[in-house]
Every structure is written in C-alpha cells, then in structure tokens.
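Participant: what's the 3D shape of this:
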Amino acid sequence: MLATQQLTEFLAVVADRPDEAAAQRAAVECAQRALGADLAVLTVASRVAAAVGVPAEEIPVYALTAGYLVGRRSTLRAGDVSYDLAVAPLGGSSPGMLVIGRRSGEFTDEEICLLRGMARVLELSLQALHLVEAERRQAEENSRLIDSLQRRQRLFDELSAVQRAIAQREPLSRILGRITEAAAELLGVDIAGLTVLESDDPGRMSLISGTGIPDEAVSRMQRIPIASLGVVGLAIMGDELVAVDDYAASPIAVPELVRSQIKSVMAVPVHENGVVVGAMFAGSHAEPREWDEAAQEVLSAFAEHASLAVTDARALHEMNASFHDALTGLASRSLFVTRLENTLGADRAGGIAALLIGLDRFKVINDALGHQAGDRLLALVADRLRDCLRTDDTAARLGADEFAVLLPDCGTVDAAVPVARRIVTAMREPFDLDGRETFVTCSIGVAFGETGTDDAQELMVRGDLALFEAKKNGKDQYAIFEPAMRESFQRHLEMEADLRRAVLRHEFQLRFQPIVRLRTGEISGLEALVRWLHPERGMIPPLDFIPLAEETGMIVPIGEWVLREACRQAARWNAQREPGSTPLTVSVNLSAVQLERADLPGLVESALADSGLLAGSLIIELTESLLVDHRPETLQRLQTIKALGVRLAIDDFGTGYSSLAYLRRFPVDIIKIDKSFVDDVGDVPAAAALTHGIIQLGQALQLSTVAEGIEDAGQLSELTDGNCELGQGYYFAEPLTTDAMQELLFPSPA
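Facilitator: Numbers count the residues shown, from 1 in each chain. Here you go, the predicted model:
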C-alpha cells in the first residue's frame, strides 16, 4: 500500500473516534497494521496510554523514554522478546511518543517518515478534542450567565461543526469559508477573512477566504506585500493579536481601507506547526468599536481552528509529495530531518555537519523574470549543489529558496569548511536561464554535532543562526555557528519588536540638512533624514534600524510618515519666505521596499496635495543598486511620479553600479556624489580628477550635481572650481532639528 493511502486510512480511523481514549487505541492499532509491526505503543505524559502486541503493564516506559532522548535506533525488551523500535514524538499540551517495534529488522527512513506523519495527525486530532472539550467546560462554567452561556454555546456549536468538517476530510476551502462566515456572524462584523503567506515568497500574502469583501477587493488582495495590509501584516510579522479600535486615526492605517470606510480592524495570526503562515481578520464599517476581551477570544478561537485545518491539510499534502522535492528532485525537509536524526543517533563515534543554505537574490530574480524562471533557477541550483557533494552526502530543499546539506562523516567542523567554500564559489558562476545570463549568490550557516550526543533540532537551530549571521555580514559567504550568535539573534528580535512598537508610538523624528549653492552659499534645499528616539536607548542611528525596517516591511509606514512630514514642513518654510524668492526643495530617500508598492505614485501625489507643497520642490532620492535590480513596473512608477513634476536623484553616486545606461534609461534629474569621493578631493589628485569627471558627466547629461559630505574649506574650494553646483555636509551644518533649521532659515532679530 502506498504511503499516502496508509496515511489516509490512519486519518479516517482516528478522526472517526468519539473521544481521546478511543482515538489513542485506534491510532496504535492502525500504526501496527500499516507498518507491519509486532508492537505498537502510545505514551502520553510518561505513561502508556494504549498498546497492542504486548500488555501495557509489561512495557517499561522509562526504557522507551531514555532511548528516545538519546536519539539512537533503540531496542526494547518486553517479556522474553526483544524488539527493534521506531519512535515518533507527539507535542502539544500532553507530550508523548508513538512507538512501533519488530522482533527483527530495523525500520527504513521512509517508514519512519510515515510514522511521524501519523504522529502529527494524531497530535492534531487530540489537540482538536482538547479544544472542543475546553469549550464545553467553559460553557458549563458560565451557566450562571445567560448571555455569556448563549454566546459560548454558539461558539461551541460552530467550533464543533468545524472540527467535524476537518475529521470528515471536507475540502479546505469549504472549511475555511465556514470559519470566516461563523466568525463574522458571532462577532457581528461586516467583513472577515483569512490571508496566507505565499509558499514561494513568504514576503507576500493572498486572501484565500472571506465574507463581506467585494469581488474587486478580493482580486486585489492576491500576492500583495505583507505590509500592504497594515494590521494584518503586523499580526503576521509580530506573531500577536493586533486590535485597532479607531482605524482612521491609526498610524498604520492603509489609505485605501480608510477610503472604504473601515472603522475598526482586528487580526490574529494563523499557525502551521507553530509557525506563522497567515492571519485571520475581522472589520467593521460601523462606528469605531472597542475590541474587548470576549471579541478577541472569539477571533482567536476561530484562528486556532483555521490553524488546525491548514496544518492538517498541509500534513496530507506533504505525505502526497512523498519524500522528495518535486521541483528539484532533492530530499524533502521531512526526509532530511529523519536522516539527520538517524545519523546523530548512530552507535558510533564521530561527528556530522549540517549546512543550511539560503539564496541571496532569489526574490529579485523571481519578481523580475517570473515564477517559471524562478523554478528553473532553483532546479539549476540543485544540480550545482549535487556537483559539490560526495555520494554519501545528502542535499535537500527545505522550502522556497532554502536548501540544506548533511555531511555524515566529519571529524571536526573544519572538515565542513571546504564544502561550504566550494558551494559558495560554485553559486557565483552565472546561470543560463533560456539564454539570459543570471547571477545569484548564496549564504551558508555551518553547524557541527557529535553522534550520540547532540539533538537534530538543536543542530538545525544552530545552522539557522549561523545562516542569519552570514546574511547579516554581507551575504555571499559562510559562517560557522558560535554560541554568541544566540545573543546576537536575540538582540535582533528585541530590536524588531521595539521597531514595531515605535511605529505605533510615533517615536520617529526628522532632521534636516541644508543643501547649499557652492558659489553663493545660499541654502537652496534640505534633505530630510529620519531618526529614532528610543525611550530607553536614546537616539538610534539610521544604519542600525533602516535595514531592519526594510527587512520587516516596517519601512513602508515609516517611509510614508517621513514623506508626508517632510512635505508638510517644507511647505510651511516656503510659506515664510520672501515673496518672489525661489522655493526650497526637500529631498526624501526611497527604499526598494517602498518602490515595490503599486500605490507609491498615489502616495506621493497625496502627500503633495495634503501639504500644499509644489511638486517641483520635492526630490525623491534612489540608490544605484535599486535601479540595477529594477523590474519593468519600477520604471513605470518612477515615470508616473516624474509626470507629477517631482524630481529624481541618484544617491551615493559612484559607489555601486554607475552606468550611462541607467542614467539614460531612468528619468533622473540629479546625481549626488558620494562622500567617499569628496573626502580626498583636496589632497589626492586622482580623487579630484575622478570627482571632476563625475561633475562633467552630469553637465553633459544636463543633470544637477550635489557633493555629499563636505567638511572643510579645501574641499569646498576644489568642488566650486570644478563647477559642482550644490553641496551638503558638516562644513555647512549637521542634520538639524526642526526648531534649529527654523532658526537657521529665519534667524530671530538680535
């Protein structure tokens, strides 16, 4: 019988049982029959809950537990018979193990994977029984409160109906539709829905179930960036319930939703095996409402059942996908983890290494060239990965653009380093995607473990931490796990949590640095720079939080606030200037994440309209690398913004991929010469010649030039003589607060 058929039989048998004891008994009987075992045992909370093949009282529970903890291929002696064992853990509120044994002959990796699939299904079924029983007990406890009882009873009835639908293997779409409709009814809201992350791009999500949502809105809510849905995005990124009572007044409100008259929104994350995979949300078009504890509990209960349904469906899908990745032919995550555990549990001395591999630029390529090209690239990466390994090594695709390698015979971690170097070097070579030369690099985290001692999950965690370190340090490299990486990652998580709270608490401030006409010393414009005033850590430098904001999507609400506040303040200063004087310009930096948003031109237009700032007084600054990795939509958005009358500048020019092609292709008005060129312009002839060359290039293309980082009179003189038009730097003024800039622009009478 095929593994998927065996799992389906197991699902049907367990789900058909009315209570926990019956489900436990059915599970061991079905596991014994499906895997041809002589013994099957289920332990819960260190006791035998069910057993077949051997009386429960003859089974030494301590021996089972000890053998599993060591992680070896265990044996068990019950009565006069010795059994070879296979063990699958059960998590949840009452952890335990599903164990099968044979009188002779070890179990294969595929049989162990099937056993673990059965254990996951049993864990979900028992968890569902616990949830229903908990609701039943809660309904009984509230019998004195008539209104509460009725609400609990209705919730209990709806959750019971959902549980029956899961047990009866109804289509997932029908189950999720039942969940969202019931949530909307019980909460008394106008809309409810469920979004899930895209498997090939976890930075995007799609609406898969909803009620009260217009069809045109449903079509727009497909494959959208997480941050585009404000409250829902925060619930996913923060893995926590987010409730906004007065949506229009919230700093994370999405303008489109405000225009659709959404008054209040609440969202709670949906999980799969403990990992956030989406969010369930509810909203009201009526007056702003307070999401009290009872409402939060109702939405959380439905989200938990959505988690059960999604996890259950994914478990079946994974078993149907067998033990290998369909796209690349590499081992699946399930098979990789099984081999990792078996290798660590082998009764021999030595060590192993696990290499966790992440592609560095896959998302850019996938978005620019399309998903078919992305799939082709993943298959080519897998081929190149195989070429770097030995026969006994295992390569796996863990999901999306993540891969892993198991090196079973490593005396020390140093033995894994040549393999990691070989993979990094191999990935640097160009890939041929239907005649298009494409480059993608990789980052690798290396973790080492001792057989018979270390745990497989712990080794995966170490590899993940090392991979995070490699990416943080610039990518296209490998990093070996060190204990200090845990603290570094924890600090990263704490900073991420603080950043999310900072958006809600309005902890950001603007600083303005003047941009000066070099020949006259006149202030012609300002650059708006964001600063974060942390309530405990004080002022946090932009380089410490901007990359994190881009990584998490928080740069979207932060960037919108910066744009609107900069336009508002610049318009106020221009209103104070002498009639007939040239208006000040204000420059605002734009990140790649913001440029991905389809509503960016509308946001710029709105910021100008709300502030009253003339479009010609706004300058949007872009980095060269952003232009290199552009998609066709990028150029279209920039052209739409340029059509408003806004000017575009390339920031830090000369440090990245400077090319006449980019200057001609994009509607650029200004180039800003990077500080690294300006530093040596007065002392090093070669630096001066290169800087003058950039200035002449700008003049030839009829572009304005701005020199950044001017710090002394010598630099000013050299740049002025070289016909550089504008400059900024500490020689003129450091980035100033709003009040300090007000005083500089409009000095108070002495």
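
Participant: show me where the stretch 1-150 of the chain has its strands.
Facilitator: 39-44, 47-52, 75-78, 81-90, 96-102 (DSSP state E, counting those that start in this stretch).

Participant: and residue 582, what does it touch?
Facilitator: Neighbour list for residue 582: residue 524 [criterion: C-beta atoms under 8 Å, 6 or more residues apart in numbering]. Where you see a C-beta, it was placed from the backbone N, CA and C, and this is true even at glycine.

Participant: can you pull the pLDDT of it?
Facilitator: As predicted, residue 582 sits at a pLDDT of 91.

Participant: count of neighbours near residue 263?
Facilitator: 18 (other C-beta atoms under 10 Å).

Participant: that one contacts residue 286, doesn't it?
Facilitator: Yes - counting by C-beta atoms under 8 Å, residue 263 does reach residue 286; the two are 6.1 Å apart.

Participant: secondary structure element for residue 183?
Facilitator: helix 172-187 (DSSP states H and E).

Participant: could you look up the SS state of residue 297?
Facilitator: helix (DSSP: H, G, I helix; E, B strand; the rest coil).

Participant: helix/strand/coil for residue 432?
Facilitator: Classification of residue 432 into helix, strand or coil gives strand, according to three-state DSSP.

Participant: for it, give me its contacts.
Facilitator: 380, 438.

Participant: any idea how far residue 373 is from it?
Facilitator: 11 Å (C-beta to C-beta, to the nearest Å).

Participant: just the buried residues of stretch 700-714, please?
Facilitator: 703-710 (16 or more other C-beta atoms under 10 Å).

Participant: make that stretch 716-724, sorry
Facilitator: Quick answer for stretch 716-724 (16+ other C-beta under 10 Å): 716, 718-719, 722, 724.

Participant: neighbouring contacts of it?
Facilitator: In contact with stretch 716-724 (C-beta under 8 Å, 6+ apart) are residues 518-519, 673, 678, 681-682, 688, 691-692, 695-696, 699, 705-707, 710, 727, 731.

Participant: mind showing which ranges of the stretch 501-650 of the chain have poor pLDDT?
Facilitator: 624-631 (pLDDT under 70).

Participant: which residues in it form helices?
Facilitator: Ranges of helices within the stretch 501-650 of the chain are 542-552, 555-576, 592-595, 600-611, 624-628, 632-643, based on DSSP state H, counting those that start in this stretch.

Participant: quick one: which of those is nearest residue 445?
Facilitator: helix 542-552 (17.0 Å; C-beta to C-beta).

Participant: can I get the buried residues of stretch 716-724 in a markdown table including pLDDT and secondary structure?
Facilitator: Shown next, in a markdown table, are the buried residues of stretch 716-724 (pLDDT from 0 to 100; DSSP: H, G, I helix; E, B strand; the rest coil):
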| residue | pLDDT | secondary structure |
| --- | --- | --- |
| 716 | 90 | helix |
| 718 | 88 | helix |
| 719 | 90 | helix |
| 722 | 87 | coil |
| 724 | 92 | coil |
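
Participant: before we move on, back to that, closest to residue 137 out of the helices of the stretch 501-650 of the chain?
Facilitator: helix 542-552 (39.1 Å).

Participant: which strands and helices sit next to the closest one?
Facilitator: In this structure, helix 542-552 packs against helix 484-505, strand 523-534, helix 555-576, with contacts taken as 3 or more C-beta pairs under 8 Å, 6 or more residues apart in numbering; DSSP states H and E.

Participant: can you lay out these as JSON lines showing distance to residue 542?
Facilitator: Formatted as JSON lines, those follow (distance: least, C-beta to C-beta, whole Å):
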{"stretch": "helix 484-505", "distance to residue 542": "12"}
{"stretch": "strand 523-534", "distance to residue 542": "6"}
{"stretch": "helix 555-576", "distance to residue 542": "11"}
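
Participant: among these, which is nearest residue 424?
Facilitator: Of these, nearest to residue 424 by C-beta to C-beta is helix 484-505, at 18.7 Å.
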